[in-house]
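Quick one: sequence plus predicted model below, questions after.
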Amino acid sequence: MEHMKIPYYPGCTLNTVAKQFDTSAREAASIIGFEMKELSQWNCCGATFPLTPDNVIGLTAPAKVLSSARKEGDTLTTLCSVCYNVLKRTNKVIRDNKEKRNVINGFIEEEYDGSVNILHYLEVLRDKVGFDKVKGAVKRPLKGIKAATYYGCMLLRPFEDIGIDKAESPTIFEDLLRALGAEPVEFANKIECCGAHLAMNNEEVVTNLSGKVMTSAVDAGAELIVTTCPLCQFNLEKSQPRVAESDTGYTPVPVVYFTQALGLALGQDIETLGFEKNSSDIMPLLKKKGIA
Amino acid sequence: MPRIGVFVCQCGNNIAATVDTKKVAEEMGKLPGVVYTCDYKFMCSSPGQEMLRQAIKENKLDGIIVSACSPHMHEKTFRKAAEGAGLNPYQCEITNIREQCSWVHHDKTKAAGTVKSIDLTRMTIQRLKKNQPLKKIKIPVKKKAMVIGGGIAGIQAALDIAEGGREVILVEKEPSIGGNMARLSETFPTMDCSQCILTPKMVEAELNENITLYTYSEVEKVDGYIGNFTVTVRRKSKYVDEERCTGCGECIEKCPFKVDSQFELGLNKRKVIYTPFPQSVPNVPVIDAPNCTKIQKDKCGACAIVCGPKCIDFKMEDKLVTEEVGAIVVATGYQNMPNERFGEYGYGRIKDVISGMQFERLASSSGPTGGEIRRPSDGKIPQSVVFIQCVGSRDEKKGVSYCSKICCMYTAKHTKLYSHKVHGGQSYVFYMDIRSGGKRYEEFVRGAIEHEGAMYLRGRVSRVYEKNGKIMVQGADTLSGNQVEIEADMVVLATAVVSRDGADTLAQRLGIGYDKYKFYNEYHPKLKPVETVTAGIYLAGTCMGPMDIPESVAQGSAAASKVLALFSADEMAREPITSVVNRTTCNACWDCVTACPYTAIEREAIKDRQGNVVRWVAKVNDGVCQGCGVCVAACRSKSIDLKGYTDEQVFAAINAF
């Protein structure tokens, strides 16, 4: 593979509280052989895709991101599931709906036509790099680690708009973890919601939903939960102590970003992966498995 | 000078309210060639028709106009009446002064309606002056039928045609006739055993002298038209000589290789030389060539060694057979939508999530478990079973928009079978609505709920997953407004009924229409439910859409009665409204051949006296032509005319306007 440069949209969270997600992804990319080139200009994606069909103003923030991406190439990669969801769906609206496209372009004073191809980092690894090549680059296989691949909802749905994988029975995440040497476990709630933004005003719902995700993962034998989204990561980590408190049979497990797991397997220096920023500690598990 | 009569109908008040019919009649009487006019309350009534006949005879009319309703309504009536008075029926023309005239004008002074009626009738008069007397087309009819598809609908159609004394060829794709019904355990609402009522009919079809069975065969090509079809059938190689095979089953016994049985839907294995099920008709095994080591690698051959009558031939090849038939009944049936499409239900991932048809096999006494309900994973008897209805049906997003019609009933049947066979077992049914329209159907479902203890939950299932060896079914109960989670030992999916793979290809071969789901279109959904737009081709059963056994059987019989009616005369009379080619001006560009939707236009060679081809011209086959007029529009040299609607007639009408 030639040296590949892919325009990259980090989004607000990866620039702040989920910095370890961003740095580990960039580092892993450079080991595999491609560069994530951050857009020279970007703003918040809006963080939710507006569900009322006439709410065009809600599409202008992501449209601005897309139009500046267009100036830097024909693909755009991102890591946060919410950013991915919002950008991809907005892009589809702009591409397919001429009327809305004109209104949006009028607002943002650009001529954007929806021609940028939005790829999640996982898609880059699967379709541009290939999981076989990733497997070949693994220096520190995650051997013996039973990992729960928690997709959440934004990465997969709605299927007609996103289409990264089969919405109800996806395998892309497991395929990556398998390439890294881990053993993915099949668990019931792997594509259920974590509670998302309700973390702001209804923590009980989040504890309940995130709790179900974690208990179903641990029941299925998971020793590690891997996420693709800063909000999932936040909700899971925040809920875990409460779940452990109320459910005596529950043993807390580390929760990490998939790019941290990737960097670990690619042989990155453990110190640089930002595990200290996670609120759960992965080190005992790594020691137990003889990885660190 | 022509002698034309004009009859203006009042249609009670339908026309008379906005048209002054008397005035229309009077005005028409002033036109040259018109020798008789009148208006009358109901022209289509018996006295009206009698008046028409009398007027023709008394005034020696050679052409008549009836200004009345649309020709779709009573053209036939008046043409018949005219014929009764000795007139050529095609010298009778209709002016429509009702649907597009009196009904759309609300002017109570009758001014607008009257003027328009006068204009329209005058146009028809000029048109009629250019009419040529036409004769009905007579087509010879081959009194032999073909039925495509050997399920219950096809078997019924074949039996009824054979009973009527006509020969039938029954073509079936699989090695045995019987279709989907052969797989079922019991049938709703009577709970009689499916095979017990089906197999006698299968045997009857085999023994009936008028029926020829072509099993393991498919229709490759269809040519011709009503009364005169030529059908090419591919008789796939069975590697077993049907004539000599005694059906002893020795070969099946000795075959050392096993593969998944399609008939048992993967719940059981079968040998590589096999009959699909014990009561197969004909009872002749076939070799599954891709899995046979003798055919693939020239190793084994055990079946041929033990075969007494030596009827196994590993070199046998497919045969193409051509059959001449007068009518075709299409009864190709249905299949179920692939369950794998619904990842949330876990089919294919969780072993004990099965389809409704697989449950039929589990409940069937000839099935893989001998009729005991045992789950596929470990053979244990499930103590709780969840049935999920509408898997793909009424779900435009992930499946099809229509209701599959039979699932409510067969799911209720499944819960009954389950409670009869597993005492103390609990069944749950997730449903959207219970649709049980049909004789004794509602009572059947109530029985399942009230007497057999099936727990019906109104709502959808969101996820099915495994936990501690149980299957967890997560769903909504919208009547209590709660989310529910049920621990089950087995889950049964009532998957949507869809058209067969390749249904569109067959329709194209036959020249019949199909809808967006590839179900075949009937000619008229209410009044011509088993006919197609292609004359001589009839439909029966689930190739048209979801339906149950009684409906399929009724349609099989209905299609057969249509075939028998067609075969009742040696010749068939058809309307003479067909295209005709002017051979002197045709320049053989063949645009008409391309344009014709019915492939009714052939290439004809014009030869000199020595028999050398001088030139080519187009020729319309009257048997196939439907009189649509597309070729007339396509013809660049204006060499094609449509009888009854010639350019001359149409221009005369326009000029009179």
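Perfect, I can see it now. Since the model is a prediction, treat every value here as computed from it, not as a measurement.

How about the residues of the stretch 151-292 of chain A by chain B?
Contact residues, the stretch 151-292 of chain A versus chain B (C-beta under 8 Å from any C-beta of the partner chain): A:166, A:167, A:168, A:169, A:186, A:187, A:188, A:192, A:216, A:219. For the C-beta atoms, the positions are set from N, CA and C on the backbone; glycine is no exception.

mind running it again at 6 Å?
Contacts of the stretch 151-292 of chain A with chain B, taken as C-beta under 6 Å from any C-beta of the partner chain, map to A:166, A:168, A:169, A:188.

which residues sit in contact with the residue of the stretch 351-500 of chain B found nearest chain A?
Going by C-beta to the nearest C-beta, chain A is nearest to residue B:465 of the stretch 351-500 of chain B, at 3.6 Å. Contacts of residue B:465 were listed using C-beta atoms under 6 Å, 6 or more residues apart in numbering or on different chains, and they are A:188, B:472.

So for chain B, the centremost residue is which one?
Against the mean C-alpha coordinate of chain B, by C-alpha atoms, centre = their mean, the closest residue is residue B:539 at 2.9 Å.

what's downstream of the strand or helix carrying the residue of the stretch 351-500 of chain B closest to chain A, the next helix or strand?
For residue B:465, the element it lies in under DSSP states H and E is strand B:461-467. The first helix or strand that comes after strand B:461-467 along the chain, using DSSP H and E, is strand B:470-477.

Name the strands paired with that following strand and say parallel or antiparallel.
Here strand B:470-477 is paired, per DSSP bridges, with strand B:461-467 (antiparallel), strand B:482-488 (antiparallel).

which stretch in the ones you listed has the least confidence?
Here the strands paired with strand B:470-477 differ in mean pLDDT, and the lowest is strand B:461-467 at a mean of 92.

tell me how far that one is from the chain's mean position?
With C-alpha atoms, centre = their mean, to the nearest Å as the basis, strand B:461-467 stands 39 Å off its chain's centre.

quick one: buried residues of it?
Under the neighbour-count criterion of 16 or more other C-beta atoms under 10 Å in any protein chain shown, strand B:461-467 has B:461, B:463, B:464, B:465, B:466 buried.

Not counting sequence-adjacent ones, nearest residue to residue B:627?
residue B:577 (3.9 Å; C-beta to C-beta, 6 or more residues apart in numbering or on different chains).

secondary structure element for that neighbour?
Residue B:577 belongs to no helix or strand, assigned by DSSP H and E.

isn't it right next to residue B:641, touching?
No - judged on C-beta atoms under 6 Å, residue B:577 makes no contact with residue B:641 at a distance of 11.4 Å.

what residues go with each domain of chain A?
Segmentation of chain A into domains, based on automatic domain parsing, reads A:4-121, A:140-288.

taking the mean pLDDT, what do you get for the last one?
The predicted model assigns domain A:140-288 a mean pLDDT of 94.

How about the secondary structure of residue B:419?
Put simply, residue B:419 is helix when judged by DSSP: H, G, I helix; E, B strand; the rest coil.

Could you check how far it is from residue B:361?
19 Å (C-beta to C-beta, to the nearest Å).

more crowded one of those two?
residue B:361 (24 against 19; other C-beta atoms under 10 Å in any protein chain shown).
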